[in-house]
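S.K.: build me a structure from this.
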Amino acid sequence: MMRRVISVGILSLGLLFIGSISLDATEPAIGRLTYVEGRVDRADSEGALYFPVVREEEISEGETVRTKSYSRAEVTFNDKSVLRIGENTQVRIKDYTLDADGTRKNAHLFVERGKIRAI
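M.R.: Numbers count the residues shown, from 1 in each chain. Reported below is the predicted structural model:
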């Protein structure tokens, strides 16, 4: 009986540790959220689950950023380009590629709904 309790405890700790690992650690960051107001969340490239974001959180290629009512966000990419995201907006960063010197080579953003402004 004691052996079973210890096994269940170790299994629970292992699952807790695996669940705390960030999914976007495998994808390199292409930018970060430099402004967050209201309810803003994001989903990975699979898009199944959305998680709340905080300012200075890194964004990776393939992720979706979503703002709710009375909410706004701003993404500053590694090449210093800025994407402002208005309320009730959902935008997927499909592709964002930089050259070796750090200038933007490719940018494909898919606005599913709402308004964005690229600076």
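
S.K.: show me where the chain has helices.
M.R.: Counting by DSSP state H, residue ranges of the helices within the chain are 2-19.

S.K.: quick one: residue 116 from residue 91, how far?
M.R.: Taking C-beta to C-beta, to the nearest Å as the measure, residue 116 and residue 91 are separated by 6 Å. For glycine as for every other residue, the C-beta is placed from the backbone atoms N, C-alpha and C.

S.K.: residue 61 now?
M.R.: The gap separating residue 61 from residue 91 is 13 Å, by C-beta to C-beta.

S.K.: neighbour-wise, which of these two wins?
M.R.: Set residue 61 next to residue 91 and count neighbours by other C-beta atoms under 10 Å: residue 91 wins out with 23 against 18.

S.K.: show me what the more buried one is bridged to.
M.R.: Note on residue 91: beta-bridge partners by DSSP bridges are residue 65, residue 111.

S.K.: can you start the count at 91 instead of 1 from here on
M.R.: In the new count, where the first residue is 91, that last one comes out as residue 181.

S.K.: now do the contacts for the residue lying closest to residue 149 once chain neighbours are set aside.
M.R.: Nearest residue to residue 149, sequence neighbours excluded (C-beta to C-beta, 6 or more residues apart in numbering): residue 121, at 4.9 Å. Applying C-beta atoms under 8 Å, 6 or more residues apart in numbering to residue 121 gives the contacts 148-149, 165-168, 173, 186.

S.K.: whichever of those residues end up buried, select them in PyMOL.
M.R.: The following PyMOL line selects those of those that are buried, judged by 16 or more other C-beta atoms under 10 Å:
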select buried, resi 148+149+165+166+167+173+186
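
S.K.: tell me the two of the contacts of residue 121 that are most distant?
M.R.: Across the contacts of residue 121, the two members that end up farthest from each other (C-beta to C-beta) are 148 and 173, 14.2 Å apart.

S.K.: what sits up against stretch 200-209?
M.R.: Stretch 200-209 is contacted from outside by 154, 157, 171-182, 184, 199, using C-beta under 8 Å, 6+ apart.

S.K.: just the CA trace of that stretch, in CSV.
M.R.: Extracted C-alpha coordinates of stretch 200-209, given in CSV (Å, rounded to 0.1, in the frame of the first residue of the first chain):
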residue,chain,number,x,y,z
PHE,A,200,-3.7,36.7,-40.9
VAL,A,201,-6.4,38.9,-39.4
GLU,A,202,-9.3,36.7,-38.6
ARG,A,203,-11.4,39.6,-37.2
GLY,A,204,-10.9,43.1,-35.9
LYS,A,205,-8.3,45.8,-36.6
ILE,A,206,-4.5,46.0,-36.7
ARG,A,207,-2.0,48.7,-37.5
ALA,A,208,1.5,47.9,-38.6
ILE,A,209,4.2,50.6,-37.9
